[in-house]
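What shape does this take:
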Amino acid sequence: MSCAMLRHALALLLALLWKGPSSAQAAEFGHLPDNITVLEGESVVLRCKIDEEVTHKAWLNRSNILFTGTDKWSLDSRVSLVNNNNSDFSIKIEQVMVADEGPYTCSFQARNQPRTAHVYLIVQVPARIVNISQDTSVNEGDDVNLFCLAVGRPEPTITWKDFKYDLMNEGEFLEITEIKRHQAEEFECITNNGVAPPDTRRVKVTVNYPPVITEVKNMPAQLGKTAILRCEAMAVPTASFEWYRDDRMPVESDNTLKIKNEKTRSLLLFTNVTEKHFGNYTCFASNRLGASNASMLLFRKAGCDVTGRERGQLLNLYRMCTGPGAVYGGAVSLNGRLSGVGLWFCLSISVLMKV
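Residues are numbered from 1 along each chain as shown. Next up, the predicted model:
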């Protein structure tokens with residue numbers, strides 16, 4: 001600092017401390033607001049209004065001199081003088097930081113009469129989540145503890161939202177005791193301090209549990225036809241499936257039977273049912289947490305199974321029952337005879353033809 005600047009600063013400070021007699025001609029200062037609020041990263045202008053020429057003027061931040069007249073004392077490149085005339089002595093702070101918060105003083109001297117005006121700069125910071133639990137996978141019955149940390153000025157609130165049940169919990173921590181499978185979902189952390197829109201982030205909680213078979217159904221089938229046995233199982237992680245026959249032998253795919261495994265179920269597809277397919281089948285579903293099994297029956301469908309030759313013979317009999325002159329007076333004629341027995345016989349043939 002040069003000697004001239006040092007003498008100038010000392011003279012100014014002594015003048016500000018000196019309480020001389022009041023004068024009606026002294027410069028009048030505009031009243032600065034008690035507080036000025038600005039968002040972090042924005043710019044702010046601190047204005048000091050006067051209506052008379054003064055001999056000395058300065059801006060101070062706490063005990064640090066920023067400007068004396070047009071001389072800049074601050075080494076901060078973000079601080080600049082924007083007006084310096086008989087009516088306005090204003091400074092500008094760009095890219096405001098939290099460290100800029102605090103008291104600022106505009107000081108003048110006119111006719112040996114010091115005047116000061118004070119303003120307090122408040123720096124606000126939007127609420128922001130800075131740390132949060134990672135997505136987690138737990139076993140059913142475990143305790144779950146989630147955290148969400150946020151910063152902001154003023155101090156932000158933190159709320160946890162449960163989407164499935166539309167519940168809200170206040171605070172940085174969310175605790176779930178002995179979690180159940182139906183509680184698996186995404187939990188949202190919301191932080192807000194009214195400065196900007198809330199900041200939100202989500203944590204996904206996966207609950208693992210052993211398989212539970214939910215669909216078991218016996219299935220009727222006909223020889224030569226198709227049939228399906230289904231096994232549904234809910235599990236996390238997804239279950240793997242195996243099929244067994246009555247003798248506990250594993251079921252394997254062949255040209256008449258295929259096993260199709262999907263995400264939550266397994267299918268036994270019989271493309272051409274034969275006598276050997278009828279019987280009891282057991283579905284076995286498992287994951288690393290456990291296993292479950294259920295049995296179901298593939299059984300012969302009620303009715304008569306007929307061969308191609310038998311069907312041809314039945315067709316000839318059917319024509320006798322349904323041909324010209326077969327129906328007379330509400331009775332059925334068989335080989336020219338009318339009888340109730342013939343009616344029963346023809347009805348039986350009709351049933352067999354529809355099998």
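
any idea of the mean pLDDT in the strand of greatest length in the chain?
Determined from DSSP state E, the single longest strand within the chain is strand 113-132. For strand 113-132, mean pLDDT is 92.

residue ranges of the helices in the stretch 201-350 of the chain, please?
Counting by DSSP state H, counting those that start in this stretch, the stretch 201-350 of the chain has helices at residues 308-322, 340-354.

ok, of these, where does mean pLDDT dip lowest?
helix 340-354 (a mean of 54).

what residue ranges in this structure score low on pLDDT?
Applying pLDDT under 70 to the chain flags the ranges 1-33, 51-52, 247, 303-355.

Now do the buried residues in stretch 139-149.
Going by neighbour count (16 or more other C-beta atoms under 10 Å), the buried part of stretch 139-149 is Glu140, Val144, Leu146, Phe147, Cys148. Backbone N, C-alpha and C define where each C-beta goes, glycine included.

Please save the CA atoms from that stretch in CSV.
The C-alpha coordinates for stretch 139-149 follow below in CSV (Å, rounded to 0.1, in the frame of the first residue of the first chain):
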residue,chain,number,x,y,z
ASN,A,139,-34.2,-60.2,2.8
GLU,A,140,-37.7,-60.2,4.2
GLY,A,141,-37.7,-59.6,7.9
ASP,A,142,-34.5,-57.5,7.9
ASP,A,143,-34.4,-53.9,9.3
VAL,A,144,-33.9,-51.2,6.7
ASN,A,145,-32.3,-47.8,7.4
LEU,A,146,-32.2,-45.1,4.7
PHE,A,147,-30.6,-41.7,4.9
CYS,A,148,-30.8,-38.5,2.9
LEU,A,149,-28.5,-35.5,3.6
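
any idea how far it is from the chain center?
Chain-centre distance of stretch 139-149: 16 Å, with C-alpha atoms, centre = their mean, to the nearest Å.

ok, now stretch 216-236?
37 Å.

list the buried ones in that stretch?
Applying 16+ other C-beta under 10 Å to stretch 216-236 flags Met219, Ala221, Ala227, Leu229, Cys231, Glu232, Ala233, Met234, Ala235, Val236 as buried.

Determine which two of those residues are furthest apart.
Largest separation among the buried residues of stretch 216-236 by C-beta to C-beta: Ala221 and Val236, giving 33.5 Å.

My understanding was that Arg153 contacts Gly194; is that so?
No: judged on C-beta atoms under 8 Å, Arg153 makes no contact with Gly194 at a distance of 10.9 Å.

Give me the more crowded residue out of these two.
Neighbour tally, Arg153 and Gly194, criterion other C-beta atoms under 10 Å: the higher count belongs to Arg153, 17 against 12.

Which strand residues bridge that one?
Val125 (DSSP bridges).

How far does stretch 100-120 stretch from one end to the other?
Start and end residues of stretch 100-120 are separated by 10 Å (C-alpha to C-alpha, to the nearest Å).

ok, back up a step: please identify which of the buried residues of stretch 216-236 is nearest to Arg128.
Looking at those and their distance to Arg128, the nearest is Val236, at 33.4 Å (C-beta to C-beta).
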